[in-house]
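Colleague: One predicted model, sequence on top.
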Amino acid sequence: MPLESQAAVIAVVPAAGVGKRMGGHIPKQYLPLQGRPILSHTLSRLLCHPRIARVIVAIGPEDGYFADLPEAQDPRLTVVTGGQERADSVRLALAEIPQPDAWALVHDAARPCLTAGDIDRLLAECEAQGAILAMPVRDTMKRADDQQRIDHTVERAALWHALTPQLFPAQALHHALCEAEQAGAEITDEASAMERQGWRPKLVSGRPDNIKVTHPDDLRLAELFLA
Ligand SMILES: Nc1ccn([C@@H]2O[C@H](COP(=O)(O)OP(=O)(O)OP(=O)(O)O)[C@@H](O)[C@H]2O)c(=O)n1
Ligand SMILES: C[C@](O)(CO)[C@H](O)COP(=O)(O)O
């Protein structure tokens, strides 16, 4: 069931990380790809999608880079200060959405290769309990023991990689994240907060080039995909 055509879709971009695994001298979302910061690619792909009315970005308290992005001047953009963890940044951004019936499309700043086609598919296939872009696992999956030896093979038939964007009613997602925070639950994506509430979001097949730039090698891949 496609999202109601008149439903407001607000993008939420967690961009307050420091990129520890990247090991760079600046937060990875500001590293250049094709001559532009990663976050600039991500924001422009969201801002130019016709169904996205507004973008709320959560940036770090010490962020000295965001204001220099060309997209920072876009009047549809709202900037908030993020939190300690990704889930805190998303929760703080959601607090800026007043409409009770708005939907939140949460997308990592570190995923600059997102395409309009993937956003279209997520919106078209979204159900009442939300939806996430995801990719079926292609490799045989192993569970390691504490010596990094194979403990056992994991059944992969229904195993998916969760990607972003992840699409949920904004108010329900905000409530779920607040509950998870109060419970001290570890939340690494929006769907896991909704699952704690008993929701069963739809898995929507996404492109394999919608990678999250996490380690240095990912930069070269993202360059290739963006080219
Ligand atoms: N407190 C945090 C932590 C992360 N993020 C954002 O969440 C996205 C996905 O997180 P990840 O890839 O882990 O980014 P970092 O936390 O920066 O990376 P690392 O874990 O290597 O430090 C990124 O766009 C990051 O900026 C955020 O908004 N607030
Ligand atoms: C949200 C996410 O990109 C889905 O795969 C992932 O959970 C983010 O994890 P990270 O450790 O915050 O990068």
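Modeller: Ah, there it is. Ligands and ions are numbered 1, 2, ... in the order given.

Colleague: Just want the most central residue of the chain.
Modeller: What sits nearest the mean C-alpha location of the chain, by Cα atoms, centre = their mean, is residue 107, with 2.7 Å.

Colleague: show me what contacts the residue nearest to that residue when sequence neighbours are not counted?
Modeller: Excluding the flanking residues, the one nearest residue 107 by Cβ to Cβ, 6 or more residues apart in numbering is residue 165, at 4.2 Å. Any C-beta I mention is one placed from the backbone N, CA and C, and that applies to glycine too. Residues near residue 165 by Cβ atoms under 8 Å, 6 or more residues apart in numbering: 11, 105-107, 114, 118-119, 122, 132-133.

Colleague: can you pull the contacts of residue 106?
Modeller: Taking Cβ under 8 Å, 6+ apart as the criterion, residue 106 is in contact with 11-14, 90, 164-168, 173, 190.

Colleague: Adding secondary structure, pLDDT and distance to ligand 2, write those out as TSV.
Modeller: Formatted as TSV, these follow (DSSP: H, G, I helix; E, B strand; the rest coil; pLDDT from 0 to 100; distance: Cβ to the nearest ligand atom, whole Å):
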residue	secondary structure	pLDDT	distance to ligand 2
11	strand	98	14
12	strand	98	12
13	strand	99	12
14	strand	98	8
90	helix	98	9
164	strand	98	5
165	strand	98	10
166	strand	99	7
167	strand	98	13
168	strand	98	13
173	helix	98	13
190	helix	98	7
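
Colleague: restrict those to those near ligand 1?
Modeller: The residues of the contacts of residue 106 that also fall near ligand 1, by Cβ under 6 Å from any ligand atom, are residue 14.

Colleague: Out of the contacts of residue 106, which is nearest to residue 43?
Modeller: Proximity of the contacts of residue 106 to residue 43 (Cβ to Cβ) peaks at residue 13, which lies at 6.8 Å.

Colleague: Can you report how many residues lie near that closest one?
Modeller: By other Cβ atoms under 10 Å, 30 other residues sit near residue 13.
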